[in-house]
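>>> Sequence plus the predicted model coming up.
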Amino acid sequence: MSVYVDKKYISLLSPKLKNFKQRGEFLWNFRCPVCGDSAKDKTKSRGYIYKRKEHFGFMCHNCGSAMSLKKFVKYVDPHLYNEYQLETFVQSNTSNNVNVADYVTKPTFDIPEAPRSILLTDAESINGLSQYHPARVYLENRKVPLDDIYYTEDFSQFVKDLYPQCSKTLYKEPRIIIPFKDKDGNLLGIQGRAIGTSKIKYITIKGDESSPKIYGWDKLDISKPVYVVEGPIDSLFLDNCIATMDAALYHAPSIIGIDRDYIFVYDNEPRNKQIVSNMKKTIDLGYKVCVWPDTIQQKDINEMILAGNSPATIQHIIDNNTYEGIIATMKMNQWSKL
C-alpha cells in the first residue's frame with residue numbers, strides 16, 4: 001500500500017480528530033475518538049497514529065484501543081473510508097507507472113518547534129553533591145549511575161519555575177529529578193522521585209500534556225534492538241533501553257514512531273494482574289517479551305543489581321528468555337502461575 005495514500009487520508013481525517021498534531025514524519029497525536037480521552041482535561045490527547053514496518057496503526061494510551069489505520073478510518077468516518085478503499089484498490093491494481101503524488105497536492109502541517117534545550121537551572125546535578133548528601137547516598141546505595149540526574153530541595157518551586165502553566169498541587173519537599181527528552185534532546189518533562197516521607201513516590205510533570213512519556217529516547221541507537229522497561233532507573237542498567245514510566249510498555253512503539261526490534265521487559269511480578277494483562281496485550285500485538293525464569297526472585301532490574309547480578313548478566317538472562325508468538329504465550333502462562 002502506498003505510504004503517500006495513507007498519509008493523504010490521515011490528513012483528510014484530521015478535521016474530525018480533536019487536538020490533531022503531527023509529531024514526526026510518521027507520528028500523529030490527537031484526542032482518542034474511541035474513549036473520548038480525559039473528561040476533566042480537554043488538553044489531554046493520548047491517541048496516536050504511527051507507522052510500524054510497512055503499515056500504519058492507531059493506538060490510545062488512555063483506553064488501550066489499537067487497530068489498523070484502515071479500521072480506524074472506517075470507525076471515525078465511514079464515507080471517507082469508502083474513498084480510501086477505492087484509492088488503495090486503484091493504486092495497487094494500476095497497470096501503468098502513473099505517480100499519484102504528481103497530481104495531488106501533498107498536505108502540509110504547521111508543527112510548532114519544541115525548545116532546543118531547557119536548562120535545569122534550579123536543580124543541582126547529583127554528581128555535584130557532597131558524597132554524604134541524602135540524595136546521592138540513596139542513589140549510590142542502589143548502585144544507580146548518576147549522570148543526567150538532578151536534585152531540588154523545593155520541588156513545588158522548581159516545577160513552577162520550569163513550567164509556570166502547571167496546575168498540579170505540589171509541595172515544598174526534596175526530590176530527585178529525572179528529565180526525559182525527545183530524540184533530539186528537547187526536554188519533554190521531568191519525573192520527581194521522593195527521598196523523604198512523601199506518600200507519593202513518583203510525580204511526573206510534562207511541559208505539554210500531549211507529550212509522550214519516554215525516558216532514554218534521546219540516547220537511543222536505532223541500529224540496535226530496543227529494550228523497553230517501566231522505570232527510568234531500571235533502564236539505566238540495560239544497553240539501548242527506554243522506559244515508559246507506566247505499566248503499559250506496549251505503547252512505546254507508537255510513541256517512538258520507528259520500525260524497531262523491540263524487546264519488552266516487564267517487572268518480575270507474576271501475581272500482578274495488570275502486568276500479566278499488559279504482557280498478553282504485548283504478545284498479541286506481535287512483539288517479543290522477556291519471561292523471567294523461576295530462578296529469578298527479585299521483582300525488578302534494580303533489585304537484581306542489588307542482589308549481586310551485573311548488568312551484563314541481567315542482559316544475558318533477558319536475551320535467553322525472550323519469546324514471541326505462541327511460545328511467548330505458553331511461557332507467560334507458566335510464569336503467571338508461579
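That came through fine. Numbering: from 1, shown residues only.
>>> mind saving the C-alpha coords of the helix or strand of the chain with the lowest mean pLDDT as CSV?
Using mean pLDDT, DSSP states H and E, the weakest-scoring helix or strand in the chain turns out to be helix 78-93, at a mean of 77. The C-alpha coordinates for helix 78-93 follow below in CSV (Å, rounded to 0.1, in the frame of the first residue of the first chain):
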residue,chain,number,x,y,z
PRO,A,78,-17.2,5.5,7.0
HIS,A,79,-17.7,7.8,4.0
LEU,A,80,-14.0,8.7,3.9
TYR,A,81,-13.2,5.0,4.4
ASN,A,82,-15.0,4.2,1.1
GLU,A,83,-12.9,6.7,-0.8
TYR,A,84,-9.8,5.4,1.0
GLN,A,85,-10.6,1.8,-0.1
LEU,A,86,-11.2,2.8,-3.7
GLU,A,87,-7.9,4.8,-4.0
THR,A,88,-5.9,2.0,-2.4
PHE,A,89,-7.5,-0.5,-4.8
VAL,A,90,-6.7,1.7,-7.8
GLN,A,91,-3.2,2.2,-6.5
SER,A,92,-2.5,-1.5,-6.1
ASN,A,93,-4.1,-2.5,-9.4
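>>> Contacts for it next, please.
1-2, 5, 8-9, 12-13, 70, 73-74, 100 (C-beta atoms under 8 Å, 6 or more residues apart in numbering). (C-beta placed from N, C-alpha, C; glycine too.)
>>> For it, list every residue counted as buried.
The neighbour-count check on helix 78-93 (16 or more other C-beta atoms under 10 Å) flags 81, 84, 87-88 as buried.
>>> And stretch 186-195, by the same measure?
Here stretch 186-195 shows 186-195 as buried, counting by 16+ other C-beta under 10 Å.
>>> With stretch 297-305 instead?
298, 300-305.
>>> secondary structure element for the residue nearest the centre of the chain?
Nearest to the mean C-alpha position of the chain, by C-alpha atoms, centre = their mean, lies A252 at 3.6 Å. Using DSSP states H and E, A252 falls within helix 252-256.
>>> In the stretch 201-338 of the chain, where is pLDDT below threshold?
Where the stretch 201-338 of the chain drops to pLDDT under 70, the residues are 257-258, 338.
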